[in-house]
Every structure is written in C-alpha cells, then in structure tokens.
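Colleague: structure, please.
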Amino acid sequence: MTEEILFRAPTLWERVSYPPRALKNFVYSNLHMAKATFEVLDFMFVHRIEAGLLPHDHPWLTGIVPGTDETVWTRNIVYASERRADWHMEPESDDVIVERIGRFLMAMVRRSNVTEPEIPQSKARRMPHAVNYIHGTVHYNGGFLIFDNFLDAMRHFSDRKFVKEFKRYARTERRELTVILRERHYDPAEYARFVGFIRAHQPWYANGNGPTRRRVLHGTPSPYPAVNPINGSWVKDIRSLHRGALDKLLEQPLDCPDYFKGTYVGNQTTYTFLEKALVWAQHLIIRAKGFQGGLVFTKRRQIEPENYEKFVETDGEWRPSYPVPSPFQKAE
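Modeller: Have a look, this model is predicted:
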C-alpha cells in the first residue's frame, strides 16, 4: 500500500486493552447476530412477511423522498473521508456510488413486492421476502459512511473517537449504517480480514458484500464493497411492515447530521493475528457447510444449480466463496 495516510503509534494502554476488547466485540456480535437470525426466522415462518406489502409508489420501492423529485441516498451520507488525489482508476463520485448501492438494494425489495405472479425463490429472487424487505429499511432509512479503501477505513475505525461516534449514531438515530469503499478492486482474502477488523472494533456483526465473482465469507453481491454492521435497527421497521403500519416505515433524510465532525487518526495499519484467526475460524465454519457455504436463509442448490454441478464435478473442491488464509499466511 502506497497511500500517504498518517497514522499515530499506539499507546501502551491501547496495545494491552485491544485484545480483550476485540474478543468482547466478537462474542457480543455473534450473540447479537444469533438474536437477529431468530428475528428473521420469525418473520419467515411465524409472523410471516409475504409478497406485495407496499403500494407501487412507496419510497422503499422508488427511493424518492415524499413531496420531492429527489432520491434519498445522497442525503443520507453521514460521513465521507477526504478523497485521495491519485487513483489507478478514478472511482465514480460519492453521489453516484451511493445511488448505485441504493438502487441495488431497492431492486431486492421490488422483487418481493411483485405478486402477479409472485416471483418464486430462485435465481430470480434469491432471498426470502423477509430478508428482501429488510433492505428497504437499510437503503432508505440507513446512513452511509464512505472511505477510499481498506487502509483509509482502518485509519478511522482504529480511532476510538470514531467508533464512539459510530455507536452514538446507531443508538441515537436507531438506523442501520453501511460502510462503503470507493475502490472496487481488492484481494478477497484481504477483504475477509478487513471484515474481521471491523468486527473487532465495533460491537455488531458485519458482512462483506462486493462486486467479486464469488462471495467473501457470508457476503452477498454489491456494486461497490459495502460492509454492513447489523445493529438491529431494522427490526422495528419490519414489525411495522408486518402490522401494516406503513406510516411508520419512513425516516426523514439525515441531511448531514451532527455526527463524525472530528478529525480521526487511528493507530492500526495491518491486521492483527487475533483478527486473522477469528476470520479464519469463520471461514472454516463456512467451509464445513459444504456447498451451502455462507448462505443462511436460502438453499444454495435451489438458486445456483450450475455452481452445484461444479461442486459435484470437482468433488467439493470448487466452492462458491473465496478461501481465507490461515493467520500464519499472508493475503496475496
């Protein structure tokens, strides 16, 4: 990495306190994610979320702020780091990037709002209706944090002041946050370790979504690398959707709220052995699940029959997700 980003040296207390704090975050995030999984299963099988629950002009399906002709996504950028000057391939503007992310998530909601006929769960609609509708609250109500690349994001998240603001936003606004990277080209193994870094520095589970051919850990496709620490704010909106309380589904655009106003200089430029080990353990669990891999609420054989043929033909060597090196190996 050649970016000229200033970091500070960690203090002795930061070196000593980091491992137990990271382990605490990993344990809490796993427990919190288990609770979220049960919430999703409840919306799938008990308080069932069916197709076609929204009118065709609902903002979750259009992205349009009511009373305007503007889309919401650029108004929900709560922080964007200073963009570096030199790029091998200049990324799109931040406004275009969040528009692309927003429209991608919105398309998932739309697939579950079709009823004539309903789209069956298959390659055309990979996720259950409950999961697709969750993306409505993420793309419309949620905020966006934008960074150049892994290193830029590490500079911020290894500053405790930034993480404090991250948690203050989630607990005050009760909205989800999505971390977006401007750089679209990356090594999947490093991305996996970056997800471990994010999980080590804040208390919520996180997936690494992106534009790669295969998946990274439990991640899904996305136009740009997008890590979503799942703080659970989506639950209140999906409960309102299930009750038919559509008037409670929409939050006002954030419009540059009073968050992340400081100057952030972190102390971590590389991934720790602990982060690498915990991510590798997550990879081993995914690998033990065979072809199902990192999918939880969808049967992969049902939506990827052609990839299942590769899996069988190679006697399980071909996998739908990227391998993660052990903590003793370097990412390429």
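
Colleague: distance check, the nearest residue to Lys24 once chain neighbours are set aside against His32.
Modeller: Using C-beta to C-beta, 6 or more residues apart in numbering and skipping residues adjacent in sequence, the residue nearest Lys24 is Pro203, 8.0 Å away. Quick note: C-beta positions are derived from backbone N, CA and C, even for glycine. Computed with C-beta to C-beta, to the nearest Å, the distance linking Pro203 and His32 is 7 Å.

Colleague: between those two, who's got more neighbours?
Modeller: In this view Pro203 and His32 are compared by other C-beta atoms under 10 Å, and Pro203 has more residues nearby, 19 against 16.

Colleague: for that one, which three-state class applies?
Modeller: Of the three states, Pro203 takes coil under DSSP: H, G, I helix; E, B strand; the rest coil.

Colleague: you'd agree it is up against Ser29?
Modeller: Yes: counting by C-beta atoms under 8 Å, Pro203 does reach Ser29; the two are 6.0 Å apart.

Colleague: most centrally placed residue in the protein?
Modeller: Asn228 (2.3 Å; C-alpha atoms, centre = their mean).

Colleague: does Ile146 have beta-bridge partners, and which?
Modeller: Beta-bridge pairing for Ile146 (DSSP bridges): Ala80, Ile180.

Colleague: heads up, I number from 606, so please use that
Modeller: Let's use 606 as the start, then, which means that last one is Ile751.

Colleague: just name the shakiest helix or strand of the protein by mean pLDDT.
Modeller: Ranking every helix and strand in the chain by mean pLDDT, DSSP states H and E puts helix 905-908 at the bottom, with a mean of 92.

Colleague: how far away from the center of its chain is that helix?
Modeller: 22 Å (C-alpha atoms, centre = their mean, to the nearest Å).

Colleague: which is the next helix or strand following it?
Modeller: helix 910-918 (DSSP states H and E).

Colleague: may I have that next one as CSV, with CA atoms only?
Modeller: What follows is helix 910-918, C-alpha atoms only, in CSV (Å, rounded to 0.1, in the frame of the first residue of the first chain):
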residue,chain,number,x,y,z
PRO,A,910,-27.8,-25.3,-9.8
GLU,A,911,-25.0,-24.7,-12.3
ASN,A,912,-22.5,-24.0,-9.5
TYR,A,913,-23.7,-27.1,-7.7
GLU,A,914,-22.7,-29.1,-10.7
LYS,A,915,-19.2,-27.6,-10.5
PHE,A,916,-19.1,-28.5,-6.8
VAL,A,917,-20.0,-32.2,-7.5
GLU,A,918,-17.8,-32.5,-10.5
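
Colleague: low-scoring stretches of the stretch 806-937 of the chain, by residue?
Modeller: 937 (pLDDT under 70).

Colleague: could you pull out the helices for it?
Modeller: 839-848, 878-893, 905-908, 910-918 (DSSP state H, counting those that start in this stretch).
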